[in-house]
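In: okay, predicted coordinates and the sequence, questions at the end:
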Amino acid sequence: GEDVEQSLFLSVREGDSSVINCTYTDSSSTYLYWYKQEPGAGLQLLTYIFSNMDMKQDQRLTVLLNKKDKHLSLRIADTQTGDSAIYFCAEIPTAGGYQKVTFGIGTKLQVIP
Amino acid sequence: GAVVSQHPSWVICKSGTSVKIECRSLDFQATTMFWYRQFPKQSLMLMATSNEGSKATYEQGVEKDKFLINHASLTLSTLTVTSAHPEDSSFYICSARDSATGGGYTFGSGTRLTVV
C-alpha cells in the first residue's frame, strides 16, 4: 500500500525559510497535498500539486516535486510565528474510484522569534 | 472555497453514553465524506468512508457497530460513538471534497471527545 514519510520536527528562526520534506511510495499518478494543523484545530489545506508537475508557487509557499525520487517539499519563505503548526503531507492516488488519502505523520514546525 | 462544518467542537460524556458528531458541507454537495481519528502527536487515521444513501465503508479494525455512520443527505454525515469508553477519547475529524470543482479535500475543524 501507499506510505508517506515525514520528519517529525523542524525549528527555524522568524524571517528564515522553512523547508519541510516528504517522501511517498505510490508509483501511479497521484495528487500530493500539504495541510496545516494548529493546536486543537482541524486541517487547513495549504496547497496541492499533481504528480506531473515539478513546482507550484503560491505567495510564500513553494512546492517542489522530484518524481524520480518521489520526494516532495514545502518551502515557506519569511517564516512567521503564526506558521508554527504541524504540517501534514498527504497522497491521493488518482487510479480507481476509491480515493483514499494517506497522510504522513506530520512535521511540527517551531518558529523562534 | 469549499467549507466543511463539524459540530460539536468538543464534548465530554460519561462512559456508556453515546455521542453524535455532525459533519456538514456548507456550500457544496458531497456524495462521499471521510471520518478520521487522531491520537495525540499522531497522524490521522481513516476510520470510514461515508457514502450518501448507502452503507459506510469501514477500515480494517474499526468496529462498525461502535462507530455508526449515517450519510442521509448530500450535505450531512454523522458519526455516532456508541457506548463510549475512555479509550474512545480522541480527536475526530471529517473531510469532504467538492467533486464538482476539484481541488483538495476540505476538513472540518474537528471534535475533541473526552469520555470520563
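Out: Yep, that arrived. Residues are numbered from 1 along each chain as shown, chains lettered A, B, ... in the order given.
In: other SSEs contacting the least confident helix or strand in chain B by mean pLDDT?
Out: Of all helical and strand segments in chain B, the minimum by mean pLDDT, DSSP states H and E falls on strand B:106-107, at a mean of 86. Judged by 3 or more CB pairs under 8 Å, 6 or more residues apart in numbering or on different chains; DSSP states H and E, the packing partners of strand B:106-107 are strand A:43-50, strand B:90-96. For every residue, glycine as well, the C-beta is placed using N, CA and C.
In: where does the longest one sit relative to the chain's centre, distance-wise?
Out: Relative to its parent chain, strand A:43-50 has a centroid offset of 7 Å by CA atoms, centre = their mean, to the nearest Å.
In: so does the helix or strand just after that strand get close to chain B?
Out: Remark: after strand A:43-50, the chain's next helix or strand is strand A:55-58, criterion DSSP states H and E. No. Figure legend: strand A:55-58 not in contact with chain B (CB under 8 Å from any CB of the partner chain); closest approach 12.2 Å.
In: picking that back up, most tightly surrounded among the helices and strands packed on strand B:106-107?
Out: Mean neighbour count (mean count of other CB atoms under 10 Å in any protein chain shown) peaks for strand B:90-96 among these, with a mean of 25.
In: okay, now the sheet partners of that one, with direction.
Out: Looking at strand B:90-96 with DSSP bridges, its partner strands are strand B:32-38 (antiparallel), strand B:106-107 (antiparallel), strand B:111-115 (antiparallel).
In: now render the ones you listed as CSV, adding mean neighbour count.
Out: Formatted as CSV, those follow (neighbours: other CB atoms under 10 Å in any protein chain shown):
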stretch, mean neighbour count
strand B:32-38, 23
strand B:106-107, 22
strand B:111-115, 19
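In: could the ones you listed go into a markdown table alongside distance to A:Pro39?
Out: As requested, the strands paired with strand B:90-96 are arranged in a markdown table below (distance: least, CB to CB, whole Å):
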| stretch | distance to A:Pro39 |
| --- | --- |
| strand B:32-38 | 12 |
| strand B:106-107 | 15 |
| strand B:111-115 | 11 |
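In: out of those, which gets the lowest mean score?
Out: Of all the strands paired with strand B:90-96, mean pLDDT reaches its minimum on strand B:106-107 (a mean of 86).
In: which residues are contacting that strand?
Out: If you take CB atoms under 8 Å, 6 or more residues apart in numbering or on different chains as the criterion, strand B:106-107 is touched by A:35, A:42-45, B:1-4, B:25, B:93-98.
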